[in-house]
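Student: can't give you the sequence, but here's the structure:
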């Protein structure tokens, strides 16, 4: 499954480059590749759409077989639109270098370009991009009007709507319209979960900087947030049982039924190592989060040196948390099958 996962990740990255240029590749993200995975798992083609890609630093300068189907291009279009929204969030919050007007103006032009490019790609594939654009606008409005009396799920609704639409459209790309309803439900809960986990991870930083955080604004504690996340994981598993697959669905099941649960445990922690009556030892404050452009510069450096693939751990370009290289295995610390890739760059 590691090989399949990497095929979809590289397929998303290369679809961004092919459709929108080299710089657009920084919009590559783990969540987006789920769209490509779901599309392929439902498609009736006897063999998946694949091609051999050239050497890449992230693969230790090895070639690889990558996904090339419509799912990869839909994932690219959706990722660009959502990335443009993230850039605008950084501009609005004046994060890092975004506090400087010339840089903020340049970033705004990039976000506008990405909106236009993502809209063109998704429209070509029959997906209505206004669903995503309206969700982004609605999210901004809700964040400006939210208060202690606002329900937490009101703030996650735009994300839920956007991901539900994207998941459901994979059924139409695969000519399996009867899958649209369960996939929309899975997508809705996936969006809710992603939004909540981001809020939990960023809570401390947002509180310190005064940035918007849905948990802080709605006075939602970690226990309530954890319950909502656990319910979302269960709901996704139930929805996936009603999906009619044509191909090997193990990767989709692993990503949506198991890895999401691992993410919840990682973010919230499955136990208290210090016990109820002990205080944890003093930990220095986390380093400040990088802005959008400085993070992109660091990402480029990590990419060109192969560290995103092989280093364990490397520092995340934006939130600066330690992360494992893509070829260094999963959260259970199991070495992946592509260890020979990492053997080529142990100098990282």
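Tutor: Sure thing, it's come through. These numbers come from a predicted model, not from an experiment. Residues are numbered from 1 along each chain as shown.
Student: From now on I want contacts and neighbour counts done on CA atoms only, so please keep to that.
Tutor: Will do.
Student: those helices in the stretch 51-200 of the chain, which residues are they?
Tutor: Taking DSSP state H, counting those that start in this stretch as the criterion, the stretch 51-200 of the chain contains helices spanning 70-93, 101-124, 130-145, 152-173, 180-209.
Student: Apologies, that question was intended for the stretch 201-348 of the chain.
Tutor: 214-217, 222-240, 250-253, 260-268, 292-304, 307-310, 339-343.
Student: Kindly compare burial across the ones you listed and name the winner.
Tutor: Neighbour counts (mean count of other C-alpha atoms under 10 Å) averaged over each of the helices of the stretch 201-348 of the chain peak at helix 307-310, with a mean of 27.
Student: rewinding a little: for the helices of the stretch 201-348 of the chain, which one sits closest to residue 17?
Tutor: helix 292-304 (14.2 Å; C-alpha to C-alpha).
Student: just for the stretch 101-250 of the chain, where's the confidence low?
Tutor: For the stretch 101-250 of the chain, no stretch is flagged by pLDDT under 70.
Student: want to throw the helices of the stretch 51-200 of the chain into a markdown table with mean neighbour count and distance to residue 262?
Tutor: Output for those, formatted as a markdown table (neighbours: other C-alpha atoms under 10 Å; distance: least, C-alpha to C-alpha, whole Å):
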| stretch | mean neighbour count | distance to residue 262 |
| --- | --- | --- |
| helix 70-93 | 24 | 23 |
| helix 101-124 | 18 | 31 |
| helix 130-145 | 15 | 27 |
| helix 152-173 | 23 | 20 |
| helix 180-209 | 20 | 12 |
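Student: Leaving out chain neighbours, which residue sits closest to residue 253?
Tutor: Spatial nearest neighbour of residue 253, chain neighbours left out: residue 240 (7.8 Å); criterion: C-alpha to C-alpha, 6 or more residues apart in numbering.
Student: isn't that neighbour right next to residue 181, touching?
Tutor: No: using C-alpha atoms under 8 Å, residue 240 makes no contact with residue 181, being 10.4 Å away.
Student: Can you get me the centre-to-centre distance for stretch 196-213 and its chain?
Tutor: Centroid separation for stretch 196-213 versus its chain: 17 Å, with C-alpha atoms, centre = their mean, to the nearest Å.
Student: And the closest residue to residue 4 other than its chain neighbours, how close does it get to residue 122?
Tutor: Of all residues not flanking residue 4 in the chain, residue 251 sits nearest, at 7.4 Å (C-alpha to C-alpha, 6+ apart). Shown here: residue 251 relative to residue 122, a distance of 24 Å by C-alpha to C-alpha, to the nearest Å.
Student: CSV for the helices of the stretch 201-348 of the chain, including distance to residue 138?
Tutor: Below are the helices of the stretch 201-348 of the chain laid out as CSV (distance: least, C-alpha to C-alpha, whole Å):
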stretch, distance to residue 138
helix 214-217, 14
helix 222-240, 22
helix 250-253, 30
helix 260-268, 26
helix 292-304, 22
helix 307-310, 34
helix 339-343, 43
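Student: Ok, which of those helices comes nearest residue 98?
Tutor: Closest among the helices of the stretch 201-348 of the chain, using C-alpha to C-alpha: helix 292-304, at 7.7 Å.
Student: related to what we said a few turns ago, next, the contact list for the residue nearest to residue 253, please.
Tutor: Taking C-alpha atoms under 8 Å, 6 or more residues apart in numbering as the contact definition, residue 240 lies against 182-183, 186, 253.
Student: Right, I'll leave it there.
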